[in-house]
Each structure stands twice: as structure tokens, then as C-alpha cells.
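> Turn this into a structure:
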Amino acid sequence: MKKVFITGGNKSIGLETARQLLQKGYYVYLGSRNLEAGQQSVNDLKAEGLENAEAIQIDVTDEVSVQAAQATIASKTEVLDVLINNAGISGGMPQSALRSGAEQFLKVYQTNVLGVARVTQALIEMLKKAPEPRIVNVSSSQGSLTLASDPTNIYYQYKGVVYQSSKAALNMYTICLAYELRDTNVKVNAVDPSFTKTDFNNHRGTGTVQEAGQRVVKYAIIGEDGPTGGYFSEELNPETGVIPW
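This next block holds a predicted model:
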């Protein structure tokens, strides 16, 4: 049975991604900053008949917590097949290039960028032991420099310098990570789940968590002929999913 770890897996897109992977026969380690919240989500999944789920406490902004989570997972399995770096925060609005302070940037970057690096580095050796390891970094089309500067982009008027720049940084991390792993079986991609109705955006999104989950799962289970080092948004490009950096 393949095993997956999902950060921020106790709610919204993370939880739906867990649900869909469980339905596909994966064993899911559901990462949650609050262990009680994570356990409640696991209980809810089990009530649906999805038994192969387990809550793991992790705060991606805390190195000690990340290492503890790695040790917990390692005590249960030697091999990790999939890592989904889903945990993220928006940083609140408004976000102004002239008025947003350093503390606002640092808080968001701690989760959206540094958190991804911490978790990936902690788990990479377990991933390398899998026959077809996959890493999905949950990004956003808002992190695209090309789209953010294109007045014809449907989200052009939505500007949030803190969040957008954090996702642009995450995209570069994805590119560099895929390059470093180019001679291994690890495939790494950045995926935009779409503008989804969740508490992340006060339910202002247009897509459902089911659609978002499907988009993340697609790249978590890609085959040997699948892409690596790519950036995908099926919302903005339904044909190939590929969007510009």
C-alpha cells in the first residue's frame, strides 16, 4: 500500500485530497498543526469507511515539530511514496507593496516557503526509497509573474504582494528541487488547485474542494511518463494544465 503525507491535511483542500487518495487505496498520514483537529478529521474519514488514515502533529514553521513528525512517520514506515506540501496561509488582506510590513511577509514565508523546504528536506530520504516518489507543492496561479503582469488574466486585478510573492518563491523552490532530483525517480510539480471556496478566502472562490482535490491528486499519482518541474492550473488551461511561470 502506497503511503502519503499531507501537510495541512485536516481541512479544506488538504482533507479532500486525503479523502480522494484514501478512496484510491493509499495510506494517508494527515498532517495537522493541532493534533486534536487532525484526529477529528481522521475520525470523520473513518466514519465514511476510509480506515487507512492517521493524524500526525506538525507545525511547518517549527523545525523541532517537523523533525518530530518525521521521526513519527519513520517509526511507522521506512518508505514514503508521496509528499503533498499543502499547508499555506494567505497573510490576510489588504496586502500593499508600500504598506505591508516585514512581519507580515515573514509570517507568510515561514509557512508557504520555508515550511515547504523544511518538510521536504526532512522527508526526502524516505521518499527516495519509494519506487515512484512524488512531491506536489500546492501553489497558486497567483504566483505566476507572467499572469500577474498580464491585464488579460482574469485574476489580474487581484493583487496581494505578500501571498503572491510567497507562491512565486515556492514556484522557484519547485524548479530548483526538480532540477536537483532530475537523476532520481522523484517527480516534483507545482499545482494550482484553483480559486476554491474554502475558509482560506472566506468562501469567495468559484471552484469546489472536490475539483481542487482532483487536481492535486492527479499529480500525486502520475506515472513514470508524467512531468516533473512543471507548473499546472487546469482552471486556467483545461487542455494541458501548463501555465507560465
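
> contacts and neighbour counts: CA atoms only from here.
OK.

> going on from the helix or strand containing L83, what's the next piece of helix or strand?
Here L83 sits within strand 82-85, counting by DSSP states H and E. As assigned by DSSP H and E, the chain's next helix or strand after strand 82-85 is helix 102-109.

> send the alpha carbons of that following helix over as CSV?
Provided in CSV are the C-alpha atoms of helix 102-109 (Å, rounded to 0.1, in the frame of the first residue of the first chain):
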residue,chain,number,x,y,z
ALA,A,102,8.3,42.8,7.1
GLU,A,103,6.5,40.9,9.9
GLN,A,104,3.6,40.2,7.5
PHE,A,105,6.0,38.9,4.8
LEU,A,106,7.9,36.8,7.3
LYS,A,107,4.9,35.1,8.8
VAL,A,108,3.6,34.1,5.4
TYR,A,109,7.0,33.0,4.1
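
> Quick one: list the elements packing against the strand holding L83.
Packed against strand 82-85 by the contact rule (3 or more CA pairs under 8 Å, 6 or more residues apart in numbering; DSSP states H and E) you find strand 3-6, helix 115-128, strand 134-138, helix 209-220.

> most neighbours per residue, which of those?
Per-stretch averages of neighbours, counted by mean count of other CA atoms under 10 Å, single out strand 134-138 among those, with a mean of 26.

> For stretch 104-114, give the mean pLDDT please.
Mean pLDDT, stretch 104-114: 98.

> With stretch 81-92 instead?
97.

> Contacts for it, please.
Applying CA atoms under 8 Å, 6 or more residues apart in numbering, the contact partners of stretch 81-92 are 2-9, 14, 60, 104-105, 107-108, 111-112, 116, 119-120, 127, 130-138, 162-163, 200, 220.

> got the CA positions of the lengthiest helix in the chain in CSV?
With secondary structure taken from DSSP state H, the chain has its longest helix at helix 161-180. Written as CSV, here are the backbone C-alpha positions of helix 161-180 (Å, rounded to 0.1, in the frame of the first residue of the first chain):
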residue,chain,number,x,y,z
VAL,A,161,2.0,41.2,-2.7
VAL,A,162,2.7,39.1,0.4
TYR,A,163,0.8,35.9,-0.7
GLN,A,164,1.6,36.2,-4.4
SER,A,165,5.4,36.7,-3.8
SER,A,166,5.4,33.7,-1.4
LYS,A,167,3.9,31.5,-4.1
ALA,A,168,6.3,32.8,-6.7
ALA,A,169,9.1,31.9,-4.3
LEU,A,170,7.5,28.4,-3.8
ASN,A,171,7.5,28.0,-7.6
MET,A,172,11.2,28.7,-7.8
TYR,A,173,11.8,26.3,-5.0
THR,A,174,9.9,23.7,-7.0
ILE,A,175,12.0,24.4,-10.1
CYS,A,176,15.3,24.0,-8.2
LEU,A,177,14.1,20.9,-6.3
ALA,A,178,13.1,19.2,-9.5
TYR,A,179,16.4,20.1,-11.0
GLU,A,180,18.4,18.6,-8.1
